[in-house]
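Peer 1: model the following, please.
(chains A and B)
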Number of protein chains: 2
Amino acid sequence: MKIKIIVCFVLLFSLNSILLFSQEKIEQWHRFEISFSHKYKGNAFKDVRLSAKFSNKDTTFLVRGFYDGNSTFKIRFMPEWDGKWSYITKSNIPGLDGKKGNFTCVPSLKENDGMVKVANTYHFKYENGDYYYPFGTTLYAWNHMDEKLRDLTLENIKKADFNKVRMCVLPKAYGSTVIEPTLYPFKLKKKDNDKEGKEAYTWNFEKFNPEFFQNLEKRIDELDAIGVQADLILFHPYDENRWGFDEMEHEVDVRYLEYLTARLSSFKNIWWSLANEWGYLKSKTIDDWDNLIRTTVENDPYGHLCSIHGPTAVYYDYTMPELTHVSIQDEAPVLNSYTTATLRNIYKKPIVLDDLKN
Amino acid sequence: MKIKIIVCFVLLFSLNSILLFSQEKIEQWHRFEISFSHKYKGNAFKDVRLSAKFSNKDTTFLVRGFYDGNSTFKIRFMPEWDGKWSYITKSNIPGLDGKKGNFTCVPSLKENDGMVKVANTYHFKYENGDYYYPFGTTLYAWNHMDEKLRDLTLENIKKADFNKVRMCVLPKAYGSTVIEPTLYPFKLKKKDNDKEGKEAYTWNFEKFNPEFFQNLEKRIDELDAIGVQADLILFHPYDENRWGFDEMEHEVDVRYLEYLTARLSSFKNIWWSLANEWGYLKSKTIDDWDNLIRTTVENDPYGHLCSIHGPTAVYYDYTMPELTHVSIQDEAPVLNSYTTATLRNIYKKPIVLDDLKN
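Peer 2: So this is what the prediction gives:
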């Protein structure tokens, strides 16, 4: 068993003395990762069930693990409270079952730290108590671009003082400039040309491509390093018959969310946005969306912020308890405060105007 | 068995020839009433179950009957389609069970006739196809006033061209002028004075007072005669510890609604408004309201319009399918059309601004 602590500590000198007496320390709201090397002959993405129970005094978290390729299984955990945490794994594979360990979580002393959560009905606060006022932009496909463009993007986010970006997990084919991504979320079965000479992709929807998700994770950590929330768009309609990620079977959608939440729930700066312009994803019904929302929330042990964004002036049923805030694209509440106030009266949740004009 | 046709026919001469060949005729959307004389020794309001099945070709309506006092049981029915209708009663009392009969419904040829129902998502239409544009006022307690004041009220409604009034079923004690009503919905057990010398009423909540409801029915018919919709407020918080009708047991509330819907569903010009300012009725929970809404809708075989009105800027969950429209008291949607448009986008139902300013 190999234990790797991903996040570096930036600790005050006063804490150094405490650190001498325990082996493994994680700063509050950072990631603790357990990594197991295990050769599995079948489809490890689909057949292996792996989870761990993390306990701290009277609190227990049940966290799902995931297969990261190369015979490597991982479980990630974000401690929200300081103190000693212990864990035990559970798996249908004997080699991964019953593994035990523990670590110590030390309190964060930074400003604006922890997840952003709803506070006082209509507002947001970091878990360490500071108010968070969203000032965001959209960078739908920045994670699918090359390093040079990504670095320029990060520089400009800093310059503009944005503290939130909306970004699509799945690649986007929309608008006049389409750069073909180098990574895809699923294993490519074959790529050929259809009758009209257009590229046609066939995917193995039962196998994920871990590199795709590792790349995404690096981008999320880059945003966290500059204090930016990543409002992750889980589905979008901008596929234009290119890869078909907008019309996967419901069962594949659910498995994709289970895999994504297992990998990403422990990232403190993420928000879940089930969709951008959900109304244009014609292959999904309201029942499908309801189930995808529930799948996301049930598989996130920390309760990250969660919403769904629709086409202009199209409102999802934001009274759904799983939706923590209202994420909308509508001019009316931007153009006059009466309307925004009325939205607050209706939903009793924070109202985030995520597209100001279309 | 005594059959009484309450509503007079105003028929075109061309229909007279048809009328000669059948015994009983009811104009479309008017009331057909069956009346049974039967002596029952127990509590006829609570113990007797009576209903009738009305059938016309492939359509069947199940209609609840009620006890009207003086050993009289009644069943009322409003035919929505012309043609021959037959009925058969069902009761736990043998003398009221299995009674059969039939009548002929002739089409209405009047303008603005039939119930008002939702049309084209955001609008209202009479059942005969004409649009209905609500222009209403509130007459909370006019039905509890004396004849002189009531007649003056009706005259002024006509002068102002109102086509809808909001009125409370239960008496109202609010404001500086409180006229004690002569009729109450329940049988009075005793009336005495409390320690402070204030009148104290004790009711038999298991027995209704039919005269109270007969008076209400006359008022509703008077409104219908001048083309006005009666938006009936079923509960309100303006009792001020006077009669206690604002804090009856939930079971009594349900029985009251079952009795009211049995008596009134066949009145074509009624709308159900579960409450005025529901948020001030502190003894009822949201679950109570949800159940009272469902009780009303389930016991109305015709689907009259149904909503619930809250305190200023307090929104009920109008996504509830039983609520046909949004009935609100809020300045924001009155002061700017953006907000009203947004309410339409959210609820996909007609928005009725039932209190313009408070």
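
Peer 1: in stretch A:207-225, what counts as buried?
Peer 2: Under the neighbour-count criterion of 16 or more other Cβ atoms under 10 Å in any protein chain shown, stretch A:207-225 has A:207-210, A:212-213, A:216-217, A:219-220, A:222-224 buried. All C-beta atoms are positioned from the backbone trio N, CA, C, and that covers glycine.

Peer 1: and that stretch, C-alpha only, in PDB?
Peer 2: The C-alpha coordinates for stretch A:207-225 follow below in PDB (Å, rounded to 0.1, in the frame of the first residue of the first chain):
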ATOM      1  CA  LYS A 207     -14.000   2.200 -20.000                       C
ATOM      2  CA  PHE A 208     -12.900   5.700 -18.900                       C
ATOM      3  CA  ASN A 209      -9.700   7.400 -20.000                       C
ATOM      4  CA  PRO A 210      -8.000   8.300 -16.700                       C
ATOM      5  CA  GLU A 211      -5.600  10.700 -18.400                       C
ATOM      6  CA  PHE A 212      -8.600  12.900 -19.500                       C
ATOM      7  CA  PHE A 213      -9.600  13.200 -15.800                       C
ATOM      8  CA  GLN A 214      -6.000  13.700 -14.600                       C
ATOM      9  CA  ASN A 215      -5.700  16.700 -16.900                       C
ATOM     10  CA  LEU A 216      -9.000  18.100 -15.600                       C
ATOM     11  CA  GLU A 217      -7.800  17.700 -12.100                       C
ATOM     12  CA  LYS A 218      -4.700  19.700 -12.700                       C
ATOM     13  CA  ARG A 219      -6.800  22.500 -14.200                       C
ATOM     14  CA  ILE A 220      -9.000  22.600 -11.100                       C
ATOM     15  CA  ASP A 221      -6.000  22.700  -8.800                       C
ATOM     16  CA  GLU A 222      -4.500  25.500 -10.900                       C
ATOM     17  CA  LEU A 223      -7.700  27.500 -10.300                       C
ATOM     18  CA  ASP A 224      -7.700  26.700  -6.600                       C
ATOM     19  CA  ALA A 225      -4.100  28.000  -6.400                       C
END
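
Peer 1: can you list contacts of that stretch?
Peer 2: Residues from elsewhere that reach stretch A:207-225, judged by Cβ atoms under 8 Å, 6 or more residues apart in numbering or on different chains: A:43, A:45-46, A:67-70, A:142-143, A:150, A:154, A:157, A:165, A:167, A:169, A:183-187, A:229-230, A:232, A:256, A:259-260, A:263-264, A:267-270.

Peer 1: make a ChimeraX selection of the buried ones in the residues you listed.
Peer 2: Buried residues among the contacts of stretch A:207-225 (16+ other Cβ under 10 Å), as a ChimeraX selection:
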select /A:45,67,68,142,143,150,154,157,165,167,169,184,185,186,229,230,232,256,259,260,263,264,267,268,269,270
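
Peer 1: filter the contacts of stretch A:207-225 by proximity to chain B?
Peer 2: Among these, no residue is within reach of chain B (Cβ under 8 Å from any Cβ of the partner chain).

Peer 1: okay, now the unreliable bits of chain A?
Peer 2: Applying pLDDT under 70 to chain A flags the ranges A:1-23, A:175-178, A:357-358.

Peer 1: show me what from it comes close to chain B.
Peer 2: Going by Cβ under 8 Å from any Cβ, the residues of chain A near chain B are A:313-315, A:317, A:319, A:330, A:332-333, A:335-336, A:338-339, A:341-343, A:345-346.

Peer 1: please pick the buried ones from the residues you listed.
Peer 2: A:313-315, A:319, A:330, A:332-333, A:336, A:338-339, A:341-343, A:345-346.

Peer 1: just those now: which is nearest residue B:192?
Peer 2: Nearest to residue B:192 among those is residue A:345, at 43.8 Å by Cβ to Cβ.

Peer 1: shouldn't that closest one be within a strand?
Peer 2: No - applying DSSP: H, G, I helix; E, B strand; the rest coil, one finds residue A:345 to be helix, outside a strand.

Peer 1: element containing residue A:124, please.
Peer 2: Using DSSP states H and E, residue A:124 maps to strand A:123-126.

Peer 1: next SSE after the host helix or strand of residue A:260?
Peer 2: Residue A:260 belongs to helix A:250-264 when elements are defined using DSSP H and E. Downstream of helix A:250-264, the next assigned helix or strand under DSSP H and E is strand A:270-275.

Peer 1: got the angle between that next one and helix A:250-264?
Peer 2: 170 degrees (axes from the mean of the first three to the mean of the last three Cα atoms, to 10 degrees).

Peer 1: run through who's touching the helix or strand that strand A:270-275 is followed by.
Peer 2: For strand A:270-275, the succeeding helix or strand toward the C-terminus, using DSSP H and E, is helix A:286-298. Applying Cβ under 8 Å, 6+ apart, the contact partners of helix A:286-298 are A:234-235, A:250, A:253-254, A:257-258, A:261, A:272, A:274-275, A:278, A:284, A:303, A:306, A:308, A:316-317, A:320, A:322-323.

Peer 1: what about burial for those, which qualify?
Peer 2: Buried, going by 16+ other Cβ under 10 Å: A:234-235, A:253-254, A:257-258, A:261, A:272, A:274-275, A:278, A:284, A:306, A:308, A:316, A:320, A:322-323, out of those.

Peer 1: buried set for stretch A:292-304?
Peer 2: Using 16+ other Cβ under 10 Å as the test for burial, stretch A:292-304 gives A:292, A:293, A:295, A:296, A:297, A:299, A:300, A:301, A:302, A:304.

Peer 1: now do the same end-to-end measure for it.
Peer 2: Stretch A:292-304 has an end-to-end distance of 15 Å (criterion: Cα to Cα, to the nearest Å).

Peer 1: please apply the same query to stretch A:139-152.
Peer 2: OK, stretch A:139-152 end separation, Cα to Cα: 12 Å.

Peer 1: which stretches of the stretch 1-150 of chain A form strands?
Peer 2: With DSSP state E, counting those that start in this stretch as the criterion, the stretch 1-150 of chain A has strands at A:2-4, A:25-27, A:32-37, A:50-56, A:59-64, A:66-67, A:72-77, A:83-91, A:100-106, A:116-119, A:123-126, A:131-132, A:136-138.

Peer 1: of those strands, which stretch is the most buried?
Peer 2: Mean neighbour counts were compared across the strands of the stretch 1-150 of chain A using mean count of other Cβ atoms under 10 Å in any protein chain shown; the top stretch is strand A:66-67, at a mean of 23.

Peer 1: which residues touch residue A:240?
Peer 2: Here residue A:240 is in contact with A:173, A:174 (criterion: Cβ under 8 Å, 6+ apart).

Peer 1: mind checking how far it is from chain B?
Peer 2: Separation of residue A:240 from chain B (Cβ to the nearest Cβ, to the nearest Å): 27 Å.

Peer 1: three-state assignment of that residue?
Peer 2: From three-state DSSP, the assignment for residue A:240 is coil.

Peer 1: got it, and the one 5 residues further on?
Peer 2: When the structure is reduced to helix, strand and coil (three-state DSSP), residue A:245 reads as coil.

Peer 1: what sits against the nearest residue to it once chain neighbours are set aside?
Peer 2: What sits nearest to residue A:245 in space, not counting adjacent residues and going by Cβ to Cβ, 6 or more residues apart in numbering or on different chains, is residue A:170, at 4.6 Å. Applying Cβ under 8 Å, 6+ apart, we find residue A:170 in contact with A:185, A:234, A:235, A:236, A:239, A:243, A:245, A:246.

Peer 1: what is the nearest of those residues to residue A:78?
Peer 2: Ranked by distance to residue A:78 (Cβ to Cβ), those are led by residue A:234 at 19.2 Å.
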